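Asks: model this:
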Amino acid sequence: MAGAPGDDGADVLRGELREELVAALQRVPELSGRELRLTALSGGITNRNFLVESPGEACRYVIRLAGNDTHLLGISREVEHAATVSAAGVGVGPEVTAFIRPEGYLVTRFIEGSPVSAAAVHEPRTLRRVADSLRRIHNGPPIPGLFVPLRIV
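Replies: Below is the predicted model:
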């Protein structure tokens, strides 16, 4: 796929972190015993994300690592996991493949996509899709926990 992360090999994860992540991913039944390639994904504010691929396999995954000191922001990875499962359940997020404990690594199916342009955000069709997604989330099951951003400001 042209333009995919790591096509030139520059973003392929190597070294100690790779070994740690591969060892953790081997505990996920869908990935156990497979050769894995991890490629850094861009974006993200507090987390590090890697595309997980296995040669010859069509299914791709993402492993999300919490950023350093994100606990200081009041982020509960257990609640994040529950929220991600809920979002997937109502059709607005990727399927959760695993939540690797005790590390707190979240593994989801990779969804191909592209950012929405500033112009597209204002289009009625886009606004309807956003409103529909928010409606689905709010009509879905309750998410345990409470996040109060003003508590940490």
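Asks: going forward, measure contacts and count neighbours with C-alpha atoms only.
Replies: OK.
Asks: most distant residue from the middle of the protein?
Replies: Going by C-alpha atoms, centre = their mean, the residue of the chain most distant from its centre is Pro124, 27.5 Å out.
Asks: residue ranges of the helices in this protein, please?
Replies: Assigned by DSSP state H, the helices in the chain fall at 16-25, 77-89, 118-121, 124-139.
Asks: The residue farthest from the centre of the chain and Arg135, how far apart?
Replies: Pro124 sits 16 Å away from Arg135, going by C-alpha to C-alpha, to the nearest Å.
Asks: what does Val116 give?
Replies: As it turns out, when the distance is counted by C-alpha to C-alpha, Val116 lies 19 Å from Arg135.
Asks: Arg48 too?
Replies: Between Arg48 and Arg135 the computed distance is 29 Å (C-alpha to C-alpha).
Asks: what about those two, which has more around it?
Replies: In terms of neighbours (other C-alpha atoms under 10 Å), Arg48 is the more surrounded of Arg48 and Arg135; the figures are 16 against 12.
Asks: There's contact between the more buried one and Gly67 in this structure, I believe.
Replies: Yes - with contacts counted by C-alpha atoms under 8 Å, Arg48 reaches Gly67, the gap being 6.4 Å.
Asks: what residues are up against Val96?
Replies: With C-alpha atoms under 8 Å, 6 or more residues apart in numbering as the criterion, the residues that contact Val96 are Thr84, Val85, Ala88, Leu106, Val107, Thr108, Arg109.
Asks: Residue ranges in this protein under the pLDDT threshold?
Replies: Scanning the chain for pLDDT under 70 picks out 1-10, 151-153.
Asks: quick one on the thing from earlier: just name the most buried of the helices of the chain.
Replies: Stretch with highest mean neighbour count among these: helix 77-89 (a mean of 18; mean count of other C-alpha atoms under 10 Å).
Asks: Export that one to PDB, keeping only CA atoms.
Replies: What follows is the C-alpha trace of helix 77-89 in PDB, where atoms were taken according to Å, rounded to 0.1, in the frame of the first residue of the first chain:
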ATOM      1  CA  ARG A  77      -6.500   3.000  31.300                       C
ATOM      2  CA  GLU A  78      -9.200   0.600  32.700                       C
ATOM      3  CA  VAL A  79     -11.900   3.200  32.000                       C
ATOM      4  CA  GLU A  80     -10.400   4.000  28.600                       C
ATOM      5  CA  HIS A  81     -10.500   0.300  27.800                       C
ATOM      6  CA  ALA A  82     -14.200   0.100  28.800                       C
ATOM      7  CA  ALA A  83     -15.000   3.200  26.800                       C
ATOM      8  CA  THR A  84     -13.200   1.800  23.700                       C
ATOM      9  CA  VAL A  85     -15.100  -1.500  24.000                       C
ATOM     10  CA  SER A  86     -18.400   0.500  24.300                       C
ATOM     11  CA  ALA A  87     -17.500   2.600  21.200                       C
ATOM     12  CA  ALA A  88     -16.800  -0.500  19.200                       C
ATOM     13  CA  GLY A  89     -20.000  -2.100  20.400                       C
END
